[in-house]
Structure formats: structure tokens, C-alpha cells
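Peer 1: Below is the structure, and that's it, no one-letter string:
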DNA sequence: CGCCTGGTTGAGGTGCGTCAACATGGGTGG
DNA sequence: CCACCCATGTTGACGCACCTCAACCAGGCG
């Protein structure tokens, strides 16, 4: 892998607090690759022993059972995936597929585990990342079990308004059929959920959605920091010099409001 | 905390590969406590900075939103919980409540984080534990989104047959109303799900359930290692001396077939 | 232009929740 | 010891949310 790529990778939140020495060690055997849209990177159940880092593009994580399939997350840069499997050297939890042309860094699991055991800072960083992803997964389960379809859509829209800087206008970066699967419904039901939100001022024109955040809409959606990540307060700054960079671990690799 | 308790705690899978020195350090400020049934240990959103270890009894993890509430997991010994929050020093993900009289070890989060940064073995062990819990959470999401209510119940029964040594007779250790919430349905629907499984030879008498694992039943439930933990192959033994004890990290703190 | 994919709209069915009535059993107090 | 009570579990009737199937529409591309 080229040194310019390596420098870029070392800037990842995951490796922010890790020494250059460890990072170099970690990148032995790593490689950066570009994939076209629609490429299946790994299938659930595969024993792929790599940690993946999405640097550019969009990746969908999905699971399947008995001819049914569902989207577990839609990842945008910068996100990691397959981290848990890499730590345990176990089978992949989900199928990963590029939605558009993507640039992906692949780190050998063996190197990751070996390096974690040598450098406690890396072990801690991985634990932080895993905790964040786990938090997202638990939020996703709550989202799915506690809210109805229209409520899930409403909170998805609010989350993405926040992500795009509190804007009232957002643009879907992927197809609605994928969004419907992420939200746990069929495309038809998603379509009807949008019309149900029209009375709150949600207007849809193709992938362009305008959301006027009325009081009634907020009251209906009722986002909460216990489910919706965008409301979670940053981990309170301990007086310790724990997170030197102050830079949060991003990549909420799983979760309803994933990207 | 008494030294006998400490010895017991040091035998936990989480601390199996960790040096006695580190373990002692970790247990400074730790304490062991008994709680009666029905005690709320922590509420979701609370900034409780402790790692909990359930040594005896049963604990329910639940989440709530807008007057609705759902059971996220039912923990049996030995399980950890609130680990992600302790690592991140963040708010708790779920409310924890004892279902029966329980014995619980509480470790200060500050000590955990400090010790993780000193001993890479502990950091790695925590990462393994988090990976296992994350795996459970992803399985739970798949279970919820891909299967119908009766299918979830069927696979729950199969999982617990395995847990109780492949028996054809299992005993529910907690109320059916909690089980129904864990499976994402109402008590009424659970009741009807049981009668729906009668045609496959499932008989229910109070908390006693007999499951004759007919081919038709297996074909209906169709358990898979990608969702149901009891089928997951143990992580293949790497030639490295990675998991010295060969002892698996247990405590699948979250997940559909949790205990 | 015609095809194909993705999205929308409509009609009808089903799974599951809601509400209500009833049964059962453990616990308490007379 | 029995009467009573309350919580849990079951059963039935009904309604709503969501899925299924089908027709239709719009845009992209050969």
C-alpha cells in the first residue's frame, strides 16, 4: 500500500490515539482497493479475516433467512465493518455490498489481534469502536421493536437533517427500496409512510426531501438520545487525558440511523 | 470485597487471560452485592459508571419509548452488562432489573478504563467480550426483522433445548409475559403462538414445555448459525496461543436467544 | 422508440395488537 | 383452613398496520 494512503488511514478516528509505530505494524499486509457499485465484498457466514474500513463510497450490510432479506445498515465514510468478526476470528455477521463505487481499506485480522495484544492504546481504541457500534445495534433493536413504520421514517428524516447541518432539505444518497429495507418495511409501505408524513410538511420529489420541522412533527417523531444517535450527548469530557484528540470515534457501523 | 469473592470473580471468562496483578488492580473499589427480585439496578439514560457482572440470579434488560416498553435481553449467570457504557463513560443503553434475587459484582468504570490502558491482555479480553455481545445484538436484529412471531418462538425453544443439554423438556425460568416481550409480541400473541406450535408436537403446561424435535418442526423453525447463537461454531482454534484457556467468552449479554 | 428498473397507487389478505371476559394459582388475612 | 384477591395466562371478537399482488407511471439508456 502506498505511503500516502497509509498517512490517510492513520488519520482515522480509530487510530487517532495510537502510536505511529503501532500503526505501521498494523498496516503490514494491509491494502487499499476500489470496487465498482454492486460488488459483494463478503457474504454472511464467510470466514473472512479482515477488518474493513470504508474510505469513500457507500456500503450496505444485509442479512438473509429463508428467502427473506433485510438491510442492517447503510455505511458512509468513514466507517469500519467486520470488526467484531476480525477480533474473534469468526464468521462474518452480515453480507457487505457496495451501493456505489467505493474505496476500501482492508486490514488483516491476524495483524489486528497481534497488535492489539502489544499496544494497549490500540486495544482500548478497538474497545471504544466496538462499544459505539454495539450502542448503534442496541438502538436499532429499540427502534425496530418500539416504533411503528411511520415513526421510524420520521426519525430517520430528523436524524439526516441533523447530519446535513440542521438543514430542512435532504437528499437521499441511495434508493428508496434500500431505505425501506433498512427501516424494516416494504417499498410500498415506505411510499405510503411518506404520504402519511405529508400532513406534517414533509415533501418528497424523487430523492429530494424537504422537512419543515414543525412542533407537531417533532411531537410525532419524538426523537430521544436513547434511540437516536444524533441526539446523544458527546461522552462527557473527563478531566483525565483520555481522549487526547477530543475526536470522537465515528463509524456507527450498525444502527437505524446508521450513516 | 471479600477475598473469596475476588477469587470467584477472577475465574470469570472475561478475566481468564488476564494477570492476577491486573485483576487485583481492577478490583480496587469493586463490590459485590445482593439484590431482591424486582430491583431496578439502573435506568436507561443514567450515567452509571460501572461494569456489572451477574453472578447469580436473573436480570432483564429493557428499553422504553412513548409509554411502550420492550425486553432487550434476559441475562443468566455468568453475564456482563453495561460494558459498552463503562468503556465509553456514556449513559446506559438499557434499564436493568432483577427478575429474581440476584448476586451482582460491580466494577468502577474508571478503574476498568485505566487498567485496560495498562494491560493489553485486558483490553483484548474486553474487545472479545464486546464483539460477542455485538454479535448477539446483530443476531437479535436479524431475528426480529426476518422472522415472524411464531418462527421466533420456535427457534427460542430450540435454542433452549440445546442449552439444557439437548433435552426435549425445558422449564421457563421467568414469566411468559417477559418472554413475549423478549420475542417482540404481546402476551396474548405468545399464547396463540404456542397453540400454533402444537401441531409440531410442542406441549405447554405452565412453565414446563416439551418439544419433540420432529423433522417438520426443524424445517419450520430452520435455525441457522447466522442468527441462532447455539449453532455458532466455536471460533476456530488458531495455531497461535491466542486464547490460552480455550475458554470461550460467555455472557451473550444481548440477543434474542440471550441466556 | 421501446425496454427496463424503480417508484407509486390501489385492492385485498394476514399477522398481530387491542380490548374484554374468563380461568388459574399463589398469597394474604380472617 | 378456607375465602378472597390479585397477578398471570388464556381465549374470543374485532380493528389496524403492514404485506402481497397487480396495474400503472416516470426516467434512463440502448
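Peer 2: Yes, it's here. Predicted model, so just to flag it, every value in this text is computed and none were measured.
Peer 1: in the stretch 151-259 of chain A, which ranges drop under the pLDDT threshold?
Peer 2: A:233-259 (pLDDT under 70).
Peer 1: any idea how far residue B:16 is from residue A:140?
Peer 2: 31 Å (C-beta to C-beta, to the nearest Å). For glycine as for every other residue, the C-beta is placed from the backbone atoms N, C-alpha and C.
Peer 1: Just want to know which of the two has more residues nearby.
Peer 2: Taking other C-beta atoms under 10 Å in any protein chain shown, residue A:140 and residue B:16 do not tie; residue A:140 has more neighbours (28 against 17).
Peer 1: Can you tell me the SS state at that one?
Peer 2: helix (DSSP: H, G, I helix; E, B strand; the rest coil).
Peer 1: how far away is it from chain B?
Peer 2: In this structure, residue A:140 and chain B are 6 Å apart, going by C-beta to the nearest C-beta, to the nearest Å.
Peer 1: Could you name the helices and strands sitting against the one helix or strand residue A:193 maps to?
Peer 2: Using DSSP states H and E, residue A:193 maps to helix A:187-197. In terms of contacts (3 or more C-beta pairs under 8 Å, 6 or more residues apart in numbering or on different chains; DSSP states H and E), helix A:187-197 is packed against helix A:149-163, helix A:176-182.
Peer 1: how about that helix: buried residues?
Peer 2: Neighbour-count burial for helix A:187-197, counted by 16 or more other C-beta atoms under 10 Å in any protein chain shown, picks out A:189-190, A:193-194, A:196-197.
Peer 1: List the residues that contact residue A:157.
Peer 2: Shown in contact with residue A:157 (C-beta atoms under 8 Å, 6 or more residues apart in numbering or on different chains): A:170, A:197, A:202, A:209, A:211, A:221.
Peer 1: ok, it to residue B:133 distance?
Peer 2: For residue A:157, the distance to residue B:133 - C-beta to C-beta - is 30 Å.
Peer 1: again with residue A:69
Peer 2: Taken as C-beta to C-beta, the span from residue A:69 to residue B:133 is 24 Å.
Peer 1: These two: which is more packed in?
Peer 2: Comparing residue A:69 with residue B:133 by neighbour count (other C-beta under 10 Å), the higher total belongs to residue B:133, at 28 against 15.
Peer 1: quick one: secondary structure of residue A:80?
Peer 2: strand.
Peer 1: The stretch 51-200 of chain A against DNA strand D: which residues are in contact?
Peer 2: A:148-150, A:184-186, A:188-189, A:193 (C-beta under 7 Å from any atom of the strand).
Peer 1: Where does whichever residue of the stretch 1-150 of chain A sits closest to chain B sit, in terms of helix or strand?
Peer 2: Using C-beta to the nearest C-beta, the closest approach of the stretch 1-150 of chain A to chain B is made by residue A:123 at 2.6 Å. In this structure, residue A:123 sits in helix A:120-146 according to DSSP H and E.
Peer 1: quick one, that helix and helix B:120-146 angle?
Peer 2: 20 degrees (axes from the mean of the first three to the mean of the last three C-alpha atoms, to 10 degrees).
Peer 1: follow-up on the earlier one: show me which of the residues of the stretch 51-200 of chain A next to DNA strand D is closest to residue B:54.
Peer 2: Nearest to residue B:54 among those: residue A:184, at 30.5 Å, using C-beta to C-beta.
Peer 1: so the closest one makes contact with residue A:149?
Peer 2: Yes. At 7.2 Å, residue A:184 counts as touching residue A:149 under the criterion of C-beta atoms under 8 Å.
Peer 1: ok, so of the residues of the stretch 51-200 of chain A next to DNA strand D, who is nearest residue A:81?
Peer 2: Using C-beta to C-beta, these come closest to residue A:81 at residue A:184, 19.9 Å.
Peer 1: what's the burial count for that closest one?
Peer 2: Neighbour tally, residue A:184, other C-beta under 10 Å: 22.
Peer 1: Could you point out the longest strand of chain A?
Peer 2: strand A:50-65 (DSSP state E).
Peer 1: What residues of that strand count as buried?
Peer 2: Quick answer for strand A:50-65 (16+ other C-beta under 10 Å): A:50-55, A:57-65.
Peer 1: Need the winner for burial among the helices and strands packed on helix A:187-197.
Peer 2: helix A:149-163 (a mean of 21; mean count of other C-beta atoms under 10 Å in any protein chain shown).
Peer 1: now that helix against strand B:50-65, angle please.
Peer 2: Using the same axes, to 10 degrees: helix A:149-163 against strand B:50-65 is 120 degrees.
Peer 1: What is the very next helix or strand once past helix A:149-163 packed up against?
Peer 2: Counting by DSSP H and E, the element after helix A:149-163 in chain order, helix or strand, is strand A:169-171. For strand A:169-171, the contact count by 3+ C-beta pairs under 8 Å, 6+ apart identifies helix A:149-163, strand A:208-211 as packing neighbours.
Peer 1: Repeat the analysis, applying 7 Å as the threshold.
Peer 2: For strand A:169-171, the elements it packs on are strand A:208-211, judged by 3 or more C-beta pairs under 7 Å, 6 or more residues apart in numbering or on different chains; DSSP states H and E.
Peer 1: ok, and does the strand it packs on reach over to DNA strand D?
Peer 2: No. Strand A:208-211 does not reach DNA strand D (C-beta under 7 Å from any atom of the strand); its nearest approach is 12.3 Å.
Peer 1: Return the distance of that strand from the chain's centre.
Peer 2: Going by C-alpha atoms, centre = their mean, to the nearest Å, the spacing between the C-alpha centre of strand A:208-211 and its chain's C-alpha centre is 22 Å.
Peer 1: in it, what counts as buried?
Peer 2: So for strand A:208-211, counting by 16+ other C-beta under 10 Å, buried means A:209, A:211.
Peer 1: Equivalent analysis for stretch A:26-36, please.
Peer 2: A:26-27, A:30, A:32, A:35.
Peer 1: now stretch A:95-111
Peer 2: So for stretch A:95-111, counting by 16+ other C-beta under 10 Å, buried means A:95-99, A:102-111.
Peer 1: who wins for proximity to DNA strand C among the helices and strands packed on helix A:187-197?
Peer 2: helix A:176-182 (3.4 Å; C-beta to the nearest atom of the strand).
Peer 1: same for that closest one, what does it pack against?
Peer 2: Helix A:176-182 packs on strand A:68-75, helix A:187-197, going by 3+ C-beta pairs under 7 Å, 6+ apart.
Peer 1: Serialize the buried residues of stretch A:26-36 to TSV and add fields for secondary structure, pLDDT and distance to residue A:231.
Peer 2: Listed next are the buried residues of stretch A:26-36 as TSV, based on DSSP: H, G, I helix; E, B strand; the rest coil; pLDDT from 0 to 100; distance: C-beta to C-beta, whole Å:
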residue	secondary structure	pLDDT	distance to residue A:231
A:26	helix	91	33
A:27	coil	90	35
A:30	coil	92	35
A:32	strand	93	34
A:35	strand	95	33
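Peer 1: now for these, which pair is the farthest apart?
Peer 2: A:26 and A:35 (21.9 Å).
Peer 1: give me every residue that touches the residue of the stretch 1-150 of chain A found nearest DNA strand C.
Peer 2: Proximity of the stretch 1-150 of chain A to DNA strand C (C-beta to the nearest atom of the strand) peaks at residue A:145, 8.9 Å away. For residue A:145, the contacting residues are B:70, B:144, B:184, by C-beta atoms under 7 Å, 6 or more residues apart in numbering or on different chains.
Peer 1: any idea how far residue A:123 lies from residue B:112?
Peer 2: 12 Å.
Peer 1: swap that for residue A:109, sorry
Peer 2: On the measure of C-beta to C-beta, residue A:109 and residue B:112 end up 25 Å apart.
Peer 1: can you check residue A:57 too?
Peer 2: 36 Å.
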